[in-house]
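Participant: Okay, here's the prediction I keep looking at, along with the sequence it came from:
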Amino acid sequence: GCSEAVAPVEPPVTEPDAHRRRPMAVLHDHLDGGLRVGTVIELADAIGHRLPTDDPEALAAWFHQGASGSLERYLEAFVHTVGVMQTAEAVERVAYESVEDHAADGVVYAELRFDPGLCTAGGLDRHDVVEAALAGMQRATEVTGLQAYLIITALRHRQDSDLAAQAAVPVIPVAIRGTR
């Protein structure tokens, strides 16, 4: 046998934000699940959408209650995030800010997903929703350099998944190239 002593391996010491210096990828991120609190308040005010509170700190705390482990509380937040994404301008802004925020966090590749059918209550059709999301993402990628793709989904409990697929067809060449 070997009689040499082996020193224990110490974990590397890292700075709290060291991960931000490493390139990261984000996959399957909900476009409608990460809106800035200030954006939610501004968009809600513009369309008359009633929020649980209009105080930014209180609203941020309300959104984070979904981390409690309750699926119902988690999904309740989407009533408000999707509720304010009912105009092309709002969808484009949310998509832009999502890419911008990911880039600020050190992400270099992101796949954002959402069901465009959830953004049609204000009169948009799915194709317009998809175009708005792609426009916001494209503008942000030009500024940040982040490579971003949109995944168009349909919720399994809805009966209109064929409409989501139809909205995706015109942008398939865009998705394959990764540019607009």
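Facilitator: Cool, got the structure.
Participant: Just list the residues touching the nearest residue to Ala60 once chain neighbours are set aside, thanks.
Facilitator: Leaving aside its sequence neighbours, Ala60 sits nearest to Val37 (Cβ to Cβ, 6 or more residues apart in numbering; 4.8 Å). (Each C-beta comes from the backbone N, C-alpha and C, glycine too.) Counting by Cβ atoms under 8 Å, 6 or more residues apart in numbering, Val37 makes contact with 56, 59-60, 63.
Participant: ok, now Gln86?
Facilitator: Counting by Cβ under 8 Å, 6+ apart, Gln86 makes contact with 47, 119-124.
Participant: Could you identify the buried members of those?
Facilitator: Buried by 16 or more other Cβ atoms under 10 Å: 119-120, 122, 124, out of the contacts of Gln86.
Participant: Format the residues you listed as JSON lines; extra columns: distance to Ser68.
Facilitator: What follows is those, written out as JSON lines (distance: Cβ to Cβ, whole Å):
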{"residue": "Cys119", "distance to Ser68": "27"}
{"residue": "Thr120", "distance to Ser68": "30"}
{"residue": "Gly122", "distance to Ser68": "30"}
{"residue": "Leu124", "distance to Ser68": "33"}
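Participant: pLDDT weak spots in this structure?
Facilitator: For the chain, applying pLDDT under 70 flags the ranges 1-14, 16-21, 66-67, 172-180.
Participant: and with 90 instead?
Facilitator: Applying pLDDT under 90 to the chain flags residues 1-23, 63-76, 152-180.
Participant: which residues in it form strands?
Facilitator: Counting by DSSP state E, the chain has strands at residues 24-30, 107-114, 147-152.
Participant: how about these in TSV, adding mean neighbour count?
Facilitator: Listed next are these as TSV, based on neighbours: other Cβ atoms under 10 Å:
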stretch	mean neighbour count
strand 24-30	13
strand 107-114	20
strand 147-152	19
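Participant: Extract the C-alpha trace of the longest helix seen in the chain and format it as CSV.
Facilitator: Criterion DSSP state H: the longest helix present in the chain is helix 126-144. What follows is helix 126-144, C-alpha atoms only, in CSV (Å, rounded to 0.1, in the frame of the first residue of the first chain):
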residue,chain,number,x,y,z
ARG,A,126,-51.5,34.7,-32.1
HIS,A,127,-49.5,35.7,-35.2
ASP,A,128,-49.3,39.3,-34.0
VAL,A,129,-48.3,38.1,-30.5
VAL,A,130,-45.5,36.0,-31.9
GLU,A,131,-44.3,38.8,-34.2
ALA,A,132,-44.3,41.2,-31.3
ALA,A,133,-42.3,38.8,-29.1
LEU,A,134,-39.8,38.2,-31.9
ALA,A,135,-39.4,41.9,-32.5
GLY,A,136,-38.6,42.6,-28.9
MET,A,137,-36.1,39.7,-28.7
GLN,A,138,-34.4,40.8,-31.9
ARG,A,139,-34.0,44.4,-30.8
ALA,A,140,-32.5,43.2,-27.5
THR,A,141,-30.2,40.6,-29.1
GLU,A,142,-28.8,43.4,-31.4
VAL,A,143,-28.0,45.5,-28.3
THR,A,144,-26.8,42.7,-25.9
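Participant: Before I go, just wanted to say thanks for your time.
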